[in-house]
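Q: sequence? don't have it. structure:
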DNA sequence: CGTCTAAGTTGACAGACGTCGAAGCAAAGG
DNA sequence: CCTTTGCTTCGACGTCTGTCAACTTAGACG
């Protein structure tokens, strides 16, 4: 009788296009400054913050902060909206959820999920 | 009676040292090739794979694959062990869990966790 | 030992990245 | 209209990163 070990690692590996897509998100977040920026925006009351709330937390010039915010915005991690004089940033919760879910799924065997894909709110 | 809206965003923002630490992990994974490498290793039978199992999936030279594996190893995402002629790589599940957990926590309000911090296995 | 195969190291190079100062644009208030 | 304040864009600079060809190291097997 053959070996019959049902593979414990049944999940299919990431295809190249998916990997490329996630890599864009990961690259955006893979920087101490940008990670803290996301964290600061998420932790801010109401889940949004204007740039003026953020610059004080860093020893960096305003253009540099603006640059990092642009990277996060273009990657889809943050949304921005101008209201009067101030520009408000907000975290794309769904995007962060997809990212966290993908990383969790990587090493977790296929089957019933522990966490539902949608965010709880 | 006062409004009593307990701030929905109570989680403290990431401190700089934590951010730097996580950024190292994220940088390691924030590359299409490395993301697929991790995925391939994780999806491989037994949760481990030798380099010879991996090189075929890419249009890259062996030194380049070796370089990416080194980055992942030094960041702590992968473990490697030489057994005879072959070097076997394995995913550090705990590390990936910490990463996924951190990203999930970023935008999720503080309070009772949905997922226990330790991996289920 | 000699040789073959697997994997890693070195050195080089083009391109991407993080940072800043200076200049630009947008809204609000004189 | 002019000025001020908040934020972004531009241009430049040094550093880091992904890639390869060439070479080296580590075991296995005669």
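A: Now that the structure is in, tell me what you want to look at. This is a predicted model, so every value here is computed, not measured. Residues are numbered from 1 along each chain as shown, chains lettered A, B, ... in the order given.

Q: For chain A, what lies in contact range of DNA strand C?
A: Within chain A, the positions near DNA strand C by Cβ under 7 Å from any atom of the strand are A:27, A:31, A:33, A:59-64, A:67-68, A:71, A:82, A:84-85. To be clear about C-beta, it is placed using only N, CA and C from the backbone, and glycine gets the same treatment.

Q: Can you tell me which of the residues you listed has the most neighbours?
A: Counting neighbours by other Cβ atoms under 10 Å in any protein chain shown, the top entry in the residues of chain A next to DNA strand C is residue A:68, with 22 neighbours.

Q: so that residue makes contact with residue A:31?
A: Yes: the pair residue A:68 / residue A:31 is scored as a contact, 7.1 Å apart, by Cβ atoms under 8 Å.

Q: and the residue nearest the centre of chain A, what pLDDT?
A: With distances taken as Cα atoms, centre = their mean, the residue of chain A nearest its centroid is residue A:96 (3.6 Å). Predicted confidence (pLDDT) for residue A:96: 97.

Q: secondary structure element for it?
A: helix A:93-107 (DSSP states H and E).

Q: What are the buried residues along that helix?
A: Residues of helix A:93-107 classed as buried by neighbour count (16 or more other Cβ atoms under 10 Å in any protein chain shown): A:93, A:95-107.

Q: In JSON lines: these, plus distance to residue B:44.
A: Converted to JSON lines, the buried residues of helix A:93-107 look like this (distance: Cβ to Cβ, whole Å):
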{"residue": "A:93", "distance to residue B:44": "32"}
{"residue": "A:95", "distance to residue B:44": "28"}
{"residue": "A:96", "distance to residue B:44": "28"}
{"residue": "A:97", "distance to residue B:44": "27"}
{"residue": "A:98", "distance to residue B:44": "24"}
{"residue": "A:99", "distance to residue B:44": "23"}
{"residue": "A:100", "distance to residue B:44": "23"}
{"residue": "A:101", "distance to residue B:44": "21"}
{"residue": "A:102", "distance to residue B:44": "18"}
{"residue": "A:103", "distance to residue B:44": "18"}
{"residue": "A:104", "distance to residue B:44": "18"}
{"residue": "A:105", "distance to residue B:44": "15"}
{"residue": "A:106", "distance to residue B:44": "12"}
{"residue": "A:107", "distance to residue B:44": "11"}
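
Q: I am finished for the moment; much appreciated.
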